[in-house]
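Enquirer: got a predicted structure here, sequence first:
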Amino acid sequence: MAVEFLDIDGAHDGPENGRGGSPATVATAGPQVTRPAESGPPEDRRDGEDGRGGQDGGPAPKVVTTRHPGRWVTAAAVVVLLAMAASALITNPAWEWEVVGEFLFAPSVLRSVVFTLELTALGIGFGFLLGTVLALMRMSANPLLSSVAWGYIALFRSIPLILQLLFWYNLALLYPRLSFGVPFGPSFFDVGTMDLIGPVTAAALGLALHQAAYAAEIVRAGLLSVDHGQREAAAALGIPRSRQLFRIILPQAMRSIVPTAGNEIIGLVKGTSVVYIMALPELFYQVQVIYNRNGRVIALLLVATIWYLVMTTVLSVVQHYLERHYGKGRA
């Protein structure tokens, strides 16, 4: 009686198993028994296993798009509200749109718009120039420079802008004359404070010093956003520190500086309206003068609103393209 053993390693060569070995068999004392390749008849297999039919052999399920009725209801409500707002603006005669059109391009209003932009440019220009210096002082390893910069930022961010403007406008009450000479020594000449710091100078000075405190933190945050390895690599190449700052660090920091600085510039355009307390002919003060004469309060306020919208929109577009430019990683 012959006994067959299970060939585990497939050592016997043969074409039966596809691996060069003999078919697997079970040890038995009788005739050889070979295990079937499949444990069930073909008809027992599911028709849906190939992904083309259902589990019961039916057609494939249909894809149904998820419905969002709440979105359509919300959109319809918003459209109705916008239509109501537009109707209220157009049909209500109290808005006096004809008066708005009459004064929108009046020469006095246009001059006030130009003056508003000039104040904004002075405040932003000198503010960010001083703010950059303060940011570098704040990041300095010298504790005195760092402390002075921190104190300046804390002081000017704590005092409201209107108080700072009034202080500079009335500086002559504290110091009637300003002298120039050797510190703690003889003076060479002096001038009257009112002659040196007029209303426009006081307004530009107040806006610039106020803006410098915020600009310093914006620039410092941008500089800190640049990886420290950039500084180390530039120092290893022997590049001077000034060139490192203006050619390597600042161009990369502009990615973080531009968005926040753009918001500050837009905010300062509207913040110039505070200088009306100094009787300067900026936009808000000028429309006040006009509606105090003709009594068309709402119409003149709409004129100021439209011009503020135009200026801030233009600045927003410029900010968008600057962000795109520096977002490409180019200086």
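Expert: Thanks, I have it. Numbers count the residues shown, from 1 in each chain.

Enquirer: just the element for the residue sitting nearest the centre point of the chain, please.
Expert: Centroid check for the chain by Cα atoms, centre = their mean gives Pro259 as the closest residue, at 4.0 Å. Pro259 is part of helix 250-271 when elements are defined by DSSP states H and E.

Enquirer: do the same with Leu280
Expert: Applying DSSP H and E, one finds Leu280 in no helix or strand.

Enquirer: distance from stretch 167-183 to the middle of the chain?
Expert: Put simply, stretch 167-183 sits 40 Å off its chain's centre (Cα atoms, centre = their mean, to the nearest Å).

Enquirer: pull the CA atoms of it into CSV?
Expert: The C-alpha trace of stretch 167-183 is given here as CSV (Å, rounded to 0.1, in the frame of the first residue of the first chain):
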residue,chain,number,x,y,z
PHE,A,167,-1.2,117.8,21.5
TRP,A,168,0.9,118.6,18.5
TYR,A,169,-1.6,121.3,17.4
ASN,A,170,-1.2,123.0,20.8
LEU,A,171,2.6,122.4,21.3
ALA,A,172,3.1,126.2,21.4
LEU,A,173,1.4,126.3,24.7
LEU,A,174,4.2,124.2,26.2
TYR,A,175,7.2,125.5,24.2
PRO,A,176,6.5,128.9,22.7
ARG,A,177,9.9,128.9,21.0
LEU,A,178,12.2,126.0,19.8
SER,A,179,15.9,126.5,20.0
PHE,A,180,18.6,124.7,18.0
GLY,A,181,22.2,124.3,19.2
VAL,A,182,24.5,122.1,21.2
PRO,A,183,22.6,119.7,23.5
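
Enquirer: and it, what's buried?
Expert: Within stretch 167-183, the residues scored as buried using 16 or more other Cβ atoms under 10 Å are 168-169, 171-172, 178. Every residue, glycine included, has its C-beta placed from N, CA and C.

Enquirer: in strands, which of these fall?
Expert: Using DSSP state E, the members of those that fall in strands are Leu178.

Enquirer: doesn't Leu309 make contact with Ile266?
Expert: No. Contact between Ile266 and Leu309 fails when scored by Cβ atoms under 8 Å: they sit 11.1 Å apart.

Enquirer: between these two, tell me which one has more neighbours.
Expert: It is Ile266, of Ile266 and Leu309, that has more neighbours when counted by other Cβ atoms under 10 Å, with 18 against 10.

Enquirer: ranges for the helices of the stretch 101-250 of the chain?
Expert: 107-138, 143-158, 161-169, 193-196, 199-224, 228-236, 241-243, 250-271 (DSSP state H, counting those that start in this stretch).

Enquirer: okay, those helices in JSON lines with distance to Phe284 next?
Expert: JSON lines is the format used below for those (distance: least, Cβ to Cβ, whole Å):
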{"stretch": "helix 107-138", "distance to Phe284": "8"}
{"stretch": "helix 143-158", "distance to Phe284": "23"}
{"stretch": "helix 161-169", "distance to Phe284": "13"}
{"stretch": "helix 193-196", "distance to Phe284": "25"}
{"stretch": "helix 199-224", "distance to Phe284": "13"}
{"stretch": "helix 228-236", "distance to Phe284": "44"}
{"stretch": "helix 241-243", "distance to Phe284": "42"}
{"stretch": "helix 250-271", "distance to Phe284": "9"}
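
Enquirer: using CSV, lay out the ones you listed together with distance to Val78 and mean pLDDT.
Expert: As requested, those are exported to CSV (distance: least, Cβ to Cβ, whole Å; pLDDT from 0 to 100):
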stretch, distance to Val78, mean pLDDT
helix 107-138, 33, 94
helix 143-158, 38, 94
helix 161-169, 36, 92
helix 193-196, 56, 83
helix 199-224, 35, 93
helix 228-236, 47, 83
helix 241-243, 54, 82
helix 250-271, 26, 90
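
Enquirer: which of those is buried the deepest?
Expert: Most buried of the helices of the stretch 101-250 of the chain, by mean neighbour count (mean count of other Cβ atoms under 10 Å): helix 199-224, with a mean of 21.

Enquirer: tell me the angle that one makes with helix 250-271.
Expert: Going by axes from the mean of the first three to the mean of the last three Cα atoms, to 10 degrees, helix 199-224 is angled at 140 degrees with respect to helix 250-271.

Enquirer: helix 199-224: how far from the chain's middle?
Expert: In terms of Cα atoms, centre = their mean, the centre of helix 199-224 is set 19 Å apart from its chain centre.

Enquirer: stretch 88-104 too?
Expert: Averaging C-alpha positions (Cα atoms, centre = their mean) puts stretch 88-104 35 Å from its chain's average.

Enquirer: using PDB, list the CA coordinates for it.
Expert: Backbone C-alpha positions of stretch 88-104 (Å, rounded to 0.1, in the frame of the first residue of the first chain) are rendered in PDB as follows:
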ATOM      1  CA  ALA A  88     -35.100 102.100  -0.700                       C
ATOM      2  CA  LEU A  89     -32.000 103.900  -2.000                       C
ATOM      3  CA  ILE A  90     -33.500 104.700  -5.400                       C
ATOM      4  CA  THR A  91     -37.100 105.500  -4.700                       C
ATOM      5  CA  ASN A  92     -36.700 107.400  -1.400                       C
ATOM      6  CA  PRO A  93     -36.500 111.100  -2.400                       C
ATOM      7  CA  ALA A  94     -34.900 112.000   1.000                       C
ATOM      8  CA  TRP A  95     -31.500 110.700  -0.300                       C
ATOM      9  CA  GLU A  96     -31.500 113.600  -2.800                       C
ATOM     10  CA  TRP A  97     -29.400 111.900  -5.500                       C
ATOM     11  CA  GLU A  98     -29.600 115.000  -7.600                       C
ATOM     12  CA  VAL A  99     -27.800 117.000  -4.900                       C
ATOM     13  CA  VAL A 100     -25.200 114.200  -4.600                       C
ATOM     14  CA  GLY A 101     -24.500 114.400  -8.300                       C
ATOM     15  CA  GLU A 102     -24.200 118.200  -8.100                       C
ATOM     16  CA  PHE A 103     -21.500 118.200  -5.300                       C
ATOM     17  CA  LEU A 104     -19.800 114.900  -6.100                       C
END
